[in-house]
Each structure stands twice: as structure tokens, then as C-alpha cells.
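> Can you look at this prediction? I've put the sequence above it.
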Amino acid sequence: MLLSDFESIYRKIFNAINNPSLTRENIDQIIKSDCSLTYNPTFFCIMNRKNLDFDYISKNMHACLGASVQELKENGIQYIWNRIHPKDLKCLYTSLDELLYYINHQLTNKDDDQFSYSWNYRFRNSNNNYINIIQNTTPFCLNGNSLQKGLTHFTVINDQFKMPIQASVNLLNAQHGFETKYTTNCSRREFLKKISRRERDVIQLLAQKHSSKSIGEKLFISSNTVDTHRRNILKKLKLSSTGELINILKTQQLIG
């Protein structure tokens, strides 16, 4: 998928909601707070939504990504996109497209309440290793003018496993905490699209630790048929055991 396609959906997402404005004093306070922060696996940027470049990059960025401030300043958000795992970028595009549909057709009070977006992906750092990043962005406008900005937090987390690619719209509630209004999980569909509806039923019951006999009784099929489904599932997913399957599904949050 071309990066231009991703840029198009990215811009549409940020232009879909008109969040309340922030003052210049608000922004200065956010930047000032960065000076007192000790190292942690999170850094933030203030992004110009028109040009998709960064007005400010917090000090933890280099420790998190290994990149230089100059690299991000020169390339803007394109620097991040160019280092997203290609499979994740395609999946993320699909998730953002679904997010946009939800915003345009189902979200209420989108011009009055404050919303943010979050999604995740694998990012190739300066050592050419892929790390997991969760990105959370709150769009805003500077008070008194039409300058569109975005406050974006990037959090680096455990890179020992592949996270499911998810995207969500979050609402800032009365308690000043974000609650999820809508979420989409592209990884679930990608992983399970090879699996038939009946095989998914079997997987769900296997995850609940039911035996083949018990599954057969619940689905009104024989235990031999259940065993055949189990073998077919492992063959389709190129796995060696049911335990391996369940571990992957639970680790990647692909089943409840």
C-alpha cells in the first residue's frame, strides 16, 4: 500500500472532529512540564496537522526510538510511517478507515466533547529492531485562530510479542479520564479469516477448556468431527498444537 493512501486516511481522521480549542498558555505549560519529566518509555509531540510535521518533540524521544530530533523535524510524521512494519501499515489503514466511518455515521456530540484516537503498530527503531508502539493523539485548534494541531503521545512497550493491531476513538469523560467509544481489531479478522464459522465456534470452546466430547455436545456434532475441526484449524494456521493456538489467541487478545 502506498504511503500516500495512508496519509489521505490519516488526514481525514484528524479533520473529522472539531475538538475544543487550547490557548497558547496551555501549550506552553505542556512544553514546560516536559523539562521536569524523568526518563520513561513515553514521549510526546505537538504536530501541525496541516503539514504533518512537528512543532515540538519531547526529550524522551531519542531514548525511545533512537532517532534524532533533526530526523523527525525534517521528515515529520512520514519518518514514523516509513518505519512501520509493512503488514501493520496495511492493517492499520483498514482500521482507520473503519474508525472514520464510525465517526462520520455514528458518533454523536463530536463537535462538543473532547476525543482522542489511539492505535498501535510495530516500529523499526535505529537498531533495525521492531518495537511495539501505542500512539494516542488528541486533535485541537489554537484558541482564536484556525491553526490545527495534535498532541500525540508515543508509548514503547514490551517488544517480545506482536500486539494485535487495534484502533479506537476515546472520549474524555467528566472524571478527566478517557473511555473507549469504539474500537476495531484488524488483527482478529486477518488471523481468523482462514477459519470457518464452525471452526471459530470450536476455538472459542477450546479456549474455555472444553474437551472434544463437551464441544461436540454443545455444537450437536460428534467428538470425532470436533477432532477433525481441530486438525484442520492447526493445518490452516500452520501450528503444531491446540495449546500453541490458544496461547497465540489469548496473548494477542484475539479471543475473550
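Alright, I've got the coordinates.
> Surely Thr152 and Met47 touch.
Yes: the pair Thr152 / Met47 is scored as a contact, 5.6 Å apart, by C-beta atoms under 8 Å. No exception for glycine: its C-beta is placed from N, CA and C like everyone else's.
> Which residue of the two possesses the greater neighbour count?
For Thr152 versus Met47, neighbours defined as other C-beta atoms under 10 Å are more numerous around Met47 (23 against 20).
> Would you mind listing the residues in contact with that one?
Asp53, Phe54, Asp55, Gly76, Ile77, Thr137, Lys149, Gly150, Leu151, Thr152 (C-beta atoms under 8 Å, 6 or more residues apart in numbering).
> now do Ile30
Phe44, Ile46, Leu151.
> okay, now the last one: neighbour count?
Around Leu151 sit 20 other residues, with neighbours defined as other C-beta under 10 Å.
> next one: phi and psi at the residue lying closest to it once chain neighbours are set aside?
Sequence neighbours aside, Thr138 is the residue nearest to Leu151 in space, at 4.8 Å (criterion: C-beta to C-beta, 6 or more residues apart in numbering). Main-chain dihedrals, Thr138, degrees, to the nearest 10: phi -110, psi 110.
> How much space separates Thr138 from Asn173?
14 Å (C-beta to C-beta, to the nearest Å).
> ok, these two, which is more surrounded?
Neighbours per residue, other C-beta under 10 Å: of Thr138 and Asn173, the larger number sits with Thr138, 20 against 11.
> what's the spacing between the more buried one and Ser168?
Taking C-beta to C-beta, one finds Thr138 at 13 Å from Ser168.
> Good, wrapping up.
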